[in-house]
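>>> Predicted model follows, preceded by the sequence.
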Amino acid sequence: MEQWQLQEAKAKLSEVIQRARKEGPQQVTVRGKPAAIIVSAEEYDAMRRRRPRFVELVRSSPLADMELDIERDRSPARDAGL
């Protein structure tokens, strides 16, 4: 990822945008520290697409209807030795 100082990014905004579209995200720094990332509209849309919640993902699994036989281990806990 290429880095641009804020002043340079402002002066060359069209180039920063073109590179974001062709090469990927472009980082803008302020006083040497990361301040923003410029990405193409396509990449932003891909990041914003709705992802299924974990519960939805598990429920949609082909294994969702399997019966589980889960038993709790009733053996005594081991001595922690504190």
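Perfect, I can see it now. Numbers count the residues shown, from 1 in each chain.

>>> what sits against E2?
19, 23, 26-27 (Cβ atoms under 8 Å, 6 or more residues apart in numbering). Just so you know, the C-beta spots here come from the backbone N, C-alpha and C atoms, and that holds for glycine as well.

>>> can you name the two of these that are farthest apart?
E23 and Q27 (11.9 Å; Cβ to Cβ).

>>> who's more crowded, these two?
Q27 (15 against 11; other Cβ atoms under 10 Å).

>>> Can you give me the distance of the residue nearest the centre of the chain to E67?
The centroid of the chain falls nearest to M47 when counting by Cα atoms, centre = their mean (8.0 Å). Separation of M47 from E67 (Cβ to Cβ, to the nearest Å) stands at 38 Å.

>>> Show me the contacts of E2 that map onto helices.
Per DSSP state H, helices hold the following members of the contacts of E2: 19, 23.
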